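**Student:** My questions concern the predicted model and sequence given below.
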Amino acid sequence: MVSLMKVEIKKVAVIGAGVMGHGIAQVFAMNGYEVNLLDISSEILNKAIEKIKWSLSKFVEKRRIKQGDADAALSRIKTMVEYEKAARDVDFIIEAVLENIKLKKEVFSKLDSIAPKHAILASNTSTLSITEMGRATRRPDMVVGMHWFNPPQLMQLIEVIKGDDTRDDVIDTTIKLSEKLGKTPILCKKDVRGFIVNRVLANVFNDAFWAYYRSETSKEGIDSSIKYTGGFPMGLFELADFVGLDILYEVGKSLYEAYGERVKPCSELVEPLIKERKLGQKAGVGFYDWTKGRPRLPLDLADEYDVNRSWAVSVNEAAWLIYEDVAEPKDIDTGMKLGTGWPSGPCEYADRKGLDYELNKLRELYRRYGMEMYKPCPLLEEYVKKGWVGRKAKRGFYSYG
Ligand code: 3HC
């Protein structure tokens, strides 16, 4: 067994230079790490470097870094197309290729055959099994999930995911590394699909997408209400476009396979757009036209959609995560605030609003639509039955002295 005690991570490889990979490479480089950035063509790599230059110039413009720091960061990134060159002499590798388990397993197997014995192999997957990727290598105990949020340069969160075989010191090293990168890590204790943040997000999207699909409301109405009344940084259709509809679709599929009707995606809405390659911001069009920048959301529609619905389904999924011992309330709250810029975490929100209120809201929605996503989690039912309804009772998801 390789001891990680004496290993200092200095040089890393980032596999995949797309939306996430280029940003991850930039954050490593800005924090003093030498980075090998790999993708399949020099065109993709050139585009990645252009985006990194743009992002660094934004930081300089905002006086978050000096021009000299930006130049130094850029000089630390070497682009390449050969695995042999990228993985040979690095201490840590993070993979950010397409969301396809077959491809990821091939990548991990290849990396395992080249990388030094002490190197940790991490995946930035949004949802796929870390355990499966690990078992495609001869070092499953050194394979870990390190899930970043878009845009990686701005979002403060990293989810660290323990695969079934991941060693504790590999988890500790990845948590410490995340902190050295200036991020806040949260631990996902089990290798479950969607981990923490994407699980909570999924039903918030699903609830809104089904409402739009049923023509109950417009997408602008949902987005305006979410942003201006709810205080979220982006509308949900805007966020879906921003993340990429192909990613959203893959995550939705993986969650549906894992949890069934409880997390039923509205494929009817997303599939046609994917077929037309309207994948969101990166394609210039998705639910919205992005050619002139972010969509302008009309303020006068800010009451069209009931934001309490979004909160209720997020509280329910948070309850499931606690019930299944995947995450602690504090980590769920930190995850939603730092990973997606929410104004509050679902657990602290429910404690303020009242768990009894959230339970009633879910029951009302379940009666109205009969969809499993609204069926209250047994943990929520149990807490309310015990009188643990939040701050007013001095006990909800948290205890209040
Ligand atoms: N690097 C540097 N600067 C950047 C940047 C980047 N990559 N991206 C944007 N900026 C700059 C903008 O250019 C803008 O600069 P300006 O003031 O000079 O115009 C500034 O940051 C602020 O951006 P915006 O004006 O667009 O406005 P916001 O204040 O809304 O901030 C945001 C942008 C931080 C992205 C915010 O909207 C937000 O937090 N949105 C939610 C994002 C989110 O939820 N991400 C997670 C998605 S889920 C995920 O990734 C998981 C995956 O598995 C699916």
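**Tutor:** Happy to help now that I have it. Because the structure is predicted, anything quoted here is derived from the model rather than measured.

**Student:** quick one: the strands in this protein?
**Tutor:** 11-15, 34-38, 77-80, 92-95, 120-123, 143-148, 157-161, 184-188 (DSSP state E).

**Student:** can I get those in TSV with distance to Pro343 and mean neighbour count?
**Tutor:** In short, each C-beta sits where N, CA and C put it, glycine included. Shown next, in TSV, are those (distance: least, Cβ to Cβ, whole Å; neighbours: other Cβ atoms under 10 Å):
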stretch	distance to Pro343	mean neighbour count
strand 11-15	31	26
strand 34-38	34	24
strand 77-80	34	18
strand 92-95	30	25
strand 120-123	30	28
strand 143-148	21	26
strand 157-161	15	25
strand 184-188	17	20
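
**Student:** Of all the ones you listed, which one is nearest the ligand?
**Tutor:** strand 143-148 (6.3 Å; Cβ to the nearest ligand atom).

**Student:** what's the angle between that closest one and strand 157-161?
**Tutor:** Strand 143-148 runs at 160 degrees relative to strand 157-161, counting by axes from the mean of the first three to the mean of the last three Cα atoms, to 10 degrees.

**Student:** So what are the sheet partners of strand 143-148 and their directions?
**Tutor:** Strand pairing for strand 143-148, using DSSP bridges, gives strand 120-123 (parallel), strand 157-161 (antiparallel).

**Student:** Reformat the ones you listed as a markdown table; add mean pLDDT and distance to the ligand.
**Tutor:** Shown next, in a markdown table, are the strands paired with strand 143-148 (pLDDT from 0 to 100; distance: least, Cβ to the nearest ligand atom, whole Å):
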| stretch | mean pLDDT | distance to the ligand |
| --- | --- | --- |
| strand 120-123 | 98 | 11 |
| strand 157-161 | 98 | 8 |
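
**Student:** Tabulate the ones you listed in CSV, adding columns for distance to Ser399.
**Tutor:** CSV is the format used below for the strands paired with strand 143-148 (distance: least, Cβ to Cβ, whole Å):
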stretch, distance to Ser399
strand 120-123, 35
strand 157-161, 25
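
**Student:** Identify whichever of the ones you listed lies nearest to Ile114.
**Tutor:** With Cβ to Cβ as the criterion, Ile114 lies closest to strand 120-123 of these, at 10.7 Å.

**Student:** Could you pick out the residues of the stretch 51-200 of the chain near the ligand for me?
**Tutor:** Ser55, Lys58, Phe59, Ser126, Phe149, Asn150, Pro151, Gln153, Leu154, Met155, Asn198 (Cβ under 6 Å from any ligand atom).

**Student:** Cross these against helices and list the overlap.
**Tutor:** Ser55, Lys58, Phe59, Asn198 (DSSP state H).

**Student:** and the first one, what is it in contact with?
**Tutor:** Right, Ser55. By Cβ atoms under 8 Å, 6 or more residues apart in numbering, the residues touching Ser55 are Gly23, Gln26, Pro151, Gln153.

**Student:** and Val7, how many residues sit next to it?
**Tutor:** The number of residues packed near Val7 is 16, by other Cβ atoms under 10 Å.

**Student:** Tell me how far it lies from Asp168.
**Tutor:** According to Cβ to Cβ, to the nearest Å, Val7 stands 15 Å off from Asp168.

**Student:** and Thr131, how many neighbours?
**Tutor:** As a burial measure, Thr131 scores 18 neighbours (other Cβ under 10 Å).

**Student:** I'd like the distance between it and Val107.
**Tutor:** Noted for Thr131: a distance of 16 Å to Val107, by Cβ to Cβ.

**Student:** Next: Leu236.
**Tutor:** Separation of Leu236 from Val107 (Cβ to Cβ) stands at 31 Å.

**Student:** More neighbours: which of the two?
**Tutor:** More neighbours surround Leu236 than the other of Leu236 and Val107, with 26 against 23 (other Cβ under 10 Å).

**Student:** Could you tell me which residues make contact with the nearest residue to that one once chain neighbours are set aside?
**Tutor:** Excluding the flanking residues, the one nearest Leu236 by Cβ to Cβ, 6 or more residues apart in numbering is Ala208, at 4.7 Å. Neighbour list for Ala208: Ile222, Ile226, Leu236, Phe237, Tyr305, Arg309, Ser310 [criterion: Cβ under 8 Å, 6+ apart].

**Student:** Tally up the residues packed near the second one, please.
**Tutor:** What it means is Ile226. For Ile226, the neighbour count with other Cβ under 10 Å is 25.
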